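Novice: predicted structure and sequence below. I'll ask about it afterward.
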Amino acid sequence: MGALGEHLRYWWMIAVVHRHGKPVVWPRRAMNAWKPVLVFTKGKPECGLFRDAMLLGSADGKEGHPWGQPSSEAEELVEAFTEPGDVVLDPFCGSGTVPMAAMALGRRAIACELSPTVHRAAVERILRAGRDLSVDPANGTPSAASSG
């Protein structure tokens, strides 16, 4: 998180309250009824008034990763904080739900994933959706690029 703060400004934290179900995190013996979404910005975001607790999410729509998030939830968050043409950064993209939502809504997406296996699955998912890919010049690996 500290690295994000070097280039972006922390804006706010949103509590996303789970609409259906409360997944159990067994090692901690906790029933998780919400999750944090941190909003960073480059400049002032051009969003309207928003609530910092959003009733979103469901068990439906998860794809490609054990911790995957529903696409409808990602779309609602992308719409709440960005305009078409904006850039959405997901530094922990998993199976690519947030970049997929961003591109579907006409935003540009930058996504990062440390696990090579999960990264490959996200790239394949983006390709299956007919999205363009660009190559990261730093390491030569494919990355998702919005076709606009």
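Specialist: Thanks, I have the structure now.

Novice: residues in contact with Cys47?
Specialist: When contacts are counted by CB atoms under 8 Å, 6 or more residues apart in numbering, Cys47 touches 80-82. For the C-beta atoms, the positions are set from N, CA and C on the backbone; glycine is no exception.

Novice: what of Leu8?
Specialist: Counted by CB under 8 Å, 6+ apart, Leu8 has contacts 40-42, 89.

Novice: separate out the buried members of the residues you listed.
Specialist: Taking 16 or more other CB atoms under 10 Å as the criterion, what is buried in those is 40, 89.

Novice: can you tell me which two in the contacts of Leu8 are farthest apart?
Specialist: Thr41 and Leu89 (10.0 Å; CB to CB).

Novice: that older thread, can you put the contacts of Cys47 in JSON lines and add pLDDT and distance to Glu73?
Specialist: Conversion of the contacts of Cys47 to JSON lines gives the following (pLDDT from 0 to 100; distance: CB to CB, whole Å):
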{"residue": "Ala80", "pLDDT": "88", "distance to Glu73": "11"}
{"residue": "Phe81", "pLDDT": "88", "distance to Glu73": "13"}
{"residue": "Thr82", "pLDDT": "90", "distance to Glu73": "15"}
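
Novice: could you turn the buried ones of these into a PyMOL selection?
Specialist: Typed into PyMOL, the line below selects the buried ones among these, using 16+ other CB under 10 Å:
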select buried, resi 80+81+82
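
Novice: which ones among the contacts of Cys47 lie within helices?
Specialist: Cross-referencing these against helices under DSSP state H gives 80-81.
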